[in-house]
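Novice: Turn this into a structure:
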Amino acid sequence: MIVSGIMTRNPVYTHPEISLADARSMMDKERIGHLPVLNKNNTLAGLITKVDLVKAGPSPATSLDMYEISYLLSKLTVEKVMVKNVVTVQENETIEEAARIMADKGIGCLPVMNGSLLVGIVTDSDIFHFFVNAFGARHQGIRITINFKEKPGQLAAFAGAVAEKGGNIVAFVTSEGDDTAHKRATFKITGISRAEIEAITKSLEGSEVEDIR
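Specialist: A predicted model of the protein is given here:
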């Protein structure tokens, strides 16, 4: 799946000259934690988050009262605290690549572009929801992780045996095994028992159940 399949389209955005107080109000109203910042040409100029707003605020130890704090924040604009070198992805990027970028750079969102045009935003929450669905977490059934011997036909044999027993694979995710000779695969299966699934796995040469529940 690609980013355009999980992103929020036409995201709420702000402008550089907007006050931090107004940006905070916008985030609270829309229940969002990230605001792309567009300049007068509607080109992406930056990004501001609730974390940025907290960092821009006064220290908890300040002697200023709430009215003085509100006044100062009303004079401080988004442009002064926004991230200017924004990491973005194109809308046809894969979800796993977007997740890798966010993990490697320690960021919580990526504005999504069509060329130079902002068309969406993808957040860590969107990624989490995607992986919840990918692992079939909302389905009842048997979850099993198997270390398959790395040779052609192993996955097909397993899936065929499950189907012959009347089972249905509702989720399937693969990852690298502990060595180059094996591939790790996680399934969520409905329609057959745990014992039947374990028996199928044992019938496949070189396969080992890592976890089943």
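Novice: And the residue nearest the centre of the chain?
Specialist: residue 127 (1.5 Å; CA atoms, centre = their mean).
Novice: Could you find the closest non-adjacent residue to that residue?
Specialist: residue 99 (5.0 Å; CB to CB, 6 or more residues apart in numbering). For the C-beta atoms, the positions are set from N, CA and C on the backbone; glycine is no exception.
Novice: Pull up the gap between that neighbour and residue 122, please.
Specialist: Noted for residue 99: a distance of 9 Å to residue 122, by CB to CB, to the nearest Å.
Novice: Give the next helix or strand downstream of the helix or strand bottoming out on mean pLDDT in the chain.
Specialist: Ranked by mean pLDDT, DSSP states H and E, the weakest helix or strand in the chain is helix 66-75, scoring a mean of 66. Using DSSP states H and E, the helix or strand that follows helix 66-75 in sequence is helix 78-81.
Novice: Next secondary structure after that next one?
Specialist: Sequence order places strand 89-90 as the next helix or strand after helix 78-81, per DSSP H and E.
Novice: Output the contacting helices and strands for that next one.
Specialist: helix 95-105, strand 109-114 (3 or more CB pairs under 8 Å, 6 or more residues apart in numbering; DSSP states H and E).
Novice: Quick check: which of those is buried the most?
Specialist: strand 109-114 (a mean of 22; mean count of other CB atoms under 10 Å).
Novice: Give me the contact list for that strand.
Specialist: The contact list for strand 109-114 (CB atoms under 8 Å, 6 or more residues apart in numbering) reads 3-4, 7, 11, 33-34, 36, 44, 47, 49, 86-91, 98, 101-102, 118-124.
Novice: now the angle from that strand to helix 95-105?
Specialist: 140 degrees (axes from the mean of the first three to the mean of the last three CA atoms, to 10 degrees).
Novice: Okay, now the sheet partners of the next helix or strand after strand 109-114, with direction.
Specialist: The helix or strand immediately downstream of strand 109-114 is strand 117-123, counting by DSSP H and E. Here strand 117-123 has these sheet partners by DSSP bridges: strand 8-9 (antiparallel), strand 109-114 (antiparallel).
Novice: and the ones you listed as JSON lines, adding distance to residue 79 and mean pLDDT?
Specialist: As requested, the strands paired with strand 117-123 are exported to JSON lines (distance: least, CB to CB, whole Å; pLDDT from 0 to 100):
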{"stretch": "strand 8-9", "distance to residue 79": "24", "mean pLDDT": "95"}
{"stretch": "strand 109-114", "distance to residue 79": "17", "mean pLDDT": "97"}
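Novice: okay, these in a markdown table with distance to residue 198 next?
Specialist: Formatted as a markdown table, these follow (distance: least, CB to CB, whole Å):
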| stretch | distance to residue 198 |
| --- | --- |
| strand 8-9 | 42 |
| strand 109-114 | 41 |
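Novice: picking up where we left off before, make a ChimeraX selection of the buried ones in the contacts of strand 109-114.
Specialist: Remark: buried members of the contacts of strand 109-114, expressed as a ChimeraX selection using 16 or more other CB atoms under 10 Å:
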select :3,4,7,11,33,34,36,44,47,49,86,88,89,91,98,102,118,119,120,121,122,123,124
